[in-house]
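> I'd like to go over a predicted model; first the sequence, then the structure.
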Amino acid sequence: MISFYFKLWAIMKYPCRLDKYLSKAKLISRSDAKKTIKNKRVMVNQKSVTSTQFAIQEIDKVYLDEQLLDLHEHAYYMLHKPAGYLSTEEEAGHPSALSLILDETPKLHSAGRLDIDTTGLLLLTSDGQWSHRVSSPNANKFKQYRVELADAIDDSDLAKLREGILLRGEDKPTKPAIVRRVNETLIDIEISEGRYHQVKRMLAAVGNRVVSLHRQMIGEITLDESLQPGEYRRLSALEVSYF
Ligand code: URA
């Protein structure tokens, strides 16, 4: 709980210490920001300020070398990725899911990847540290997929998926998965790693084949049911704070 409130505070803008404001606005380290302030290069509302702890309020105008600074906040979105879109930049004539977000201010990238034919929850952000935490296996957050299979799946195959499976060309089995059968050829699977084509390869390892794959959840963030394929919305502060 403490960590939640701390993160909520950390993404709030104001009041903000001058050195933090400068380091965010110019993407420089906090110590470089401090030196810049001490060197009398910063003005707040036309007055020179040399205190690194000076509290900036939302109405204040901050200048570096007489140039007004613009503090870009990071952007965080959830997108219902349609099939046929890459989660990376556009390539070989395939459109990028990034092109679906009509927000040209921050440069966005996806937090984790989905195959071109996989649909569902894709998180997009301009915040590299946040996306790193989302994709890090150390975060130990489960990603949930709904999987349609070519063949009916039996209990012994479900047990193998739950225990962990040695994938072709790898030397360590997958971490235990949470698996629930929805019907004979439909399962929900939750995995905490993000190996290359992991779900498809896990099902191939038990002699089955994935017909369609749809991501429903990443950690505590669930794909909003009201979002149609191609639609998106900003994440709430609470959702951002989960990572
Ligand atoms: N596993 C896969 O095989 N593909 C995806 O897109 C995501 C997980």
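Everything's here; your move.
> please pull out the lowest mean pLDDT helix or strand from the chain.
Ranking every helix and strand in the chain by mean pLDDT, DSSP states H and E puts helix 2-10 at the bottom, with a mean of 41.
> show me what the helix or strand that that one is followed by is packed against.
Downstream of helix 2-10, the next assigned helix or strand under DSSP states H and E is strand 16-17. Contacts defined by 3 or more Cβ pairs under 8 Å, 6 or more residues apart in numbering; DSSP states H and E place strand 16-17 against strand 55-56. Using the backbone N, CA and C atoms, a C-beta is placed for each residue, glycine as well.
> neighbouring contacts of the strand it packs on?
For strand 55-56, contacts defined as Cβ atoms under 8 Å, 6 or more residues apart in numbering pick out 14-18, 21, 44, 62.
> distance from that strand to the middle of the chain?
With Cα atoms, centre = their mean, to the nearest Å as the basis, strand 55-56 stands 30 Å off its chain's centre.
> what pairs with the residue of the chain positioned farthest from its centre across the strands?
Going by Cα atoms, centre = their mean, the residue of the chain most distant from its centre is residue 47, 39.4 Å out. Here residue 47 sits in beta bridges with residue 44, going by DSSP bridges.
> from here on, call the first residue 46.
Renumbered: residue one is now 46, and that last one reads residue 92.
> quick one, grab the pLDDT at it.
At residue 92, the pLDDT value in this model is 93.
> how much space between it and residue 107?
According to Cβ to Cβ, to the nearest Å, residue 92 stands 11 Å off from residue 107.
> flag every residue of the chain that's near the ligand.
Within the chain, the residues that sit near the ligand (Cβ under 6 Å from any ligand atom) are 159-160, 163, 242-245, 258.
> got a list of what the residue nearest the centre of the chain touches?
For the chain, the residue whose C-alpha lies nearest the mean C-alpha position (Cα atoms, centre = their mean) is residue 156; its distance is 3.4 Å. By Cβ under 8 Å, 6+ apart, the contact set of residue 156 is 168-170, 175-176, 179-180.
> among those residues, which ones are in helices?
Of the positions in the contacts of residue 156, 175-176, 179-180 sit in helices, assigned by DSSP state H.
> which residues are in contact with stretch 230-247?
For stretch 230-247, the external contacting residues (Cβ under 8 Å, 6+ apart) are 157-158, 160, 180, 182, 185-198, 203, 206, 210, 212-213, 215, 219-220, 222-227, 255-256, 258, 261-262.
> give me the sheet partners of the top strand by length along the chain and which way each runs.
Longest strand in the chain by number of residues, with DSSP state E as the criterion: strand 255-263. The pairing partners recorded for strand 255-263 under DSSP bridges are strand 164-170 (parallel), strand 188-194 (antiparallel), strand 266-267 (antiparallel).
> let's have those strands in CSV, adding mean neighbour count, mean pLDDT and distance to residue 112.
Output for the strands paired with strand 255-263, formatted as CSV (neighbours: other Cβ atoms under 10 Å; pLDDT from 0 to 100; distance: least, Cβ to Cβ, whole Å):
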stretch, mean neighbour count, mean pLDDT, distance to residue 112
strand 164-170, 23, 97, 27
strand 188-194, 20, 98, 43
strand 266-267, 17, 98, 38
